[in-house]
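[1] When you get a sec, could you give me coordinates for this:
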Amino acid sequence: MNSADSLPPQRAAVLAFLRHELAAGRAPSLAEIAHAFGFASRNAAQKHVQALVAEGLLEQESGRKRGLRLPGRPDQLPLPVLGQVAAGTPIGADIGSDELLLLDHALFSDRPDYLLKVKGDSMRDDGIFDGDLVAVKRSSEARNGQVVVARIDGEVTIKRLERGRARVRLLPRNPEHQPIEVRPGQDFAIEGVYCGLVRRG
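    Numbers count the residues shown, from 1 in each chain. Below you'll find the predicted structure:
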């Protein structure tokens, strides 16, 4: 592994920028690196990144748009923020964000697959507030009483699951909100189970 001290000045500056961003939990895209340094295209950013990876100063997960990470940090989990989830009345999924955060495995009860931004306060008594990022593990199954992300008629919400003999209800954790009862014939699916949250200042 080469030392960062032996790098050309511009490459050293790119490395310093990436170290700062990655340490803060952000994985910049090539376009963002190019913008930060005034490069005319992403190709120049890519050449610097490839050189830093080759020298062992960065690691890159193949096939990921934002797959950069610092060497020796296997504890970091790259999680994409995929949109919003309603803690209240279900809202349409805003899937497609390309933001990615690098987070410590220890933050979560299970290994999550993605993050969703909470909109609303219906889960406040479970400590889930408007603006939080909830970590979700993809699963079509959940136990009675678990907090789940569910899809109802194409819209997404986060609630506690209550399975009865003849019905399924999604329960809020705020007395100002009403439970959602899943009616026969409704398009309903569990998208995942809640693993924890991230609250940004």
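[2] Ends of stretch 172-183, what's the gap?
    17 Å (C-alpha to C-alpha, to the nearest Å).
[3] what's that stretch in contact with?
    87-88, 90, 121-126, 128, 152, 157, 159-160, 162, 167-171, 188 (C-beta atoms under 8 Å, 6 or more residues apart in numbering). Using the backbone N, CA and C atoms, a C-beta is placed for each residue, glycine as well.
[4] Give me the PyMOL select line for those residues, limited to the buried ones.
    Of the contacts of stretch 172-183, the buried ones can be selected in PyMOL as follows, counting by 16 or more other C-beta atoms under 10 Å:
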select buried, resi 87+88+90+121+122+123+124+126+128+152+157+159+160+168+170+171
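[5] Tell me which of the contacts of stretch 172-183 fall in strands.
    Within the contacts of stretch 172-183, residues falling in strands by DSSP state E are 152, 157, 159-160, 162, 168-171, 188.
[6] Now do the closest residue to residue 189 other than its chain neighbours against residue 190, distance only.
    Counting by C-beta to C-beta, 6 or more residues apart in numbering, residue 151 is the residue found nearest to residue 189 once chain neighbours are left out, at 4.9 Å. Note on residue 151: its distance to residue 190, by C-beta to C-beta, to the nearest Å, is 8 Å.
[7] repeat for residue 51
    45 Å.
[8] Residue 77 now?
    22 Å.
[9] and what of residue 33?
    38 Å.
[10] Residue 172 too?
    Residue 172 is 17 Å from residue 190, by C-beta to C-beta.
[11] do the same with residue 6
    From residue 6 to residue 190 the distance is 53 Å (C-beta to C-beta).
[12] between these two, who's got more neighbours?
    Under the criterion of other C-beta atoms under 10 Å, the comparison of residue 6 against residue 190 puts residue 190 first, with 18 against 9.
[13] what's the pLDDT at that one?
    Model confidence at residue 190, given as pLDDT, is 94.
[14] Just give the nearest non-adjacent residue to residue 159, would you?
    Closest to residue 159 by C-beta to C-beta, 6+ apart is residue 170, at 3.6 Å.
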